[in-house]
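**Q** Here you go, sequence then predicted model.
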Amino acid sequence: MSIATITAEGRGATDRLLSAVAARLAAEGRRPVGVVKTITGRPFADHCDMDLQVLPDGPVIRITQDLGAHSASCRLDAGALEARPWRSRSVSADRRRRPWSNLSRWVRRRWARTPAVRAVR
């Protein structure tokens, strides 16, 4: 089994990188399946909102909750994650047709020369 990490410098940079990879795959006529996280900052606030974009054409799901301006607690909304509205038959069918190993091979081939991707065996 191969395990890989993808990292990028800066807040939210890895999420933007993965979103760009998914968009590029879609532009090449491929059908990426899964979720990518988007982060939306709030003006004048230390907190941000996290959403999951369900690929390839599913909904955007808010996975954080508003706990108030002075809260220091984790804002992750377990209920939103547990509901899993992105689990559908079409996603399962796509997963059978296009296993994740195809995406892994594509990422290794395209990004292997950059320090952002480190494969661990």
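**A** Structure's in. What do you need?

**Q** After the helix ranked longest in the chain, which helix or strand is next?
**A** The residue-count maximum for a helix in the chain (DSSP state H) belongs to helix 13-27. Counting by DSSP states H and E, the element after helix 13-27 in chain order, helix or strand, is strand 34-41.

**Q** now that next one and helix 13-27, what's the angle there?
**A** 130 degrees (axes from the mean of the first three to the mean of the last three CA atoms, to 10 degrees).

**Q** Check which helices and strands strand 34-41 is in contact with.
**A** If you count contacts as 3 or more CB pairs under 8 Å, 6 or more residues apart in numbering; DSSP states H and E, strand 34-41 packs onto helix 13-27, strand 48-55. Placement of C-beta: from N, CA and C, glycine included.

**Q** Could I have the CA atoms of it written out in CSV?
**A** Output of strand 34-41 as CSV, limited to C-alpha atoms (Å, rounded to 0.1, in the frame of the first residue of the first chain):
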residue,chain,number,x,y,z
GLY,A,34,-14.9,12.7,-3.8
VAL,A,35,-14.9,16.0,-1.9
VAL,A,36,-12.7,19.0,-1.8
LYS,A,37,-12.7,21.5,1.0
THR,A,38,-13.1,25.2,0.5
ILE,A,39,-12.4,27.8,3.2
THR,A,40,-14.2,31.1,3.3
GLY,A,41,-12.7,33.8,5.5
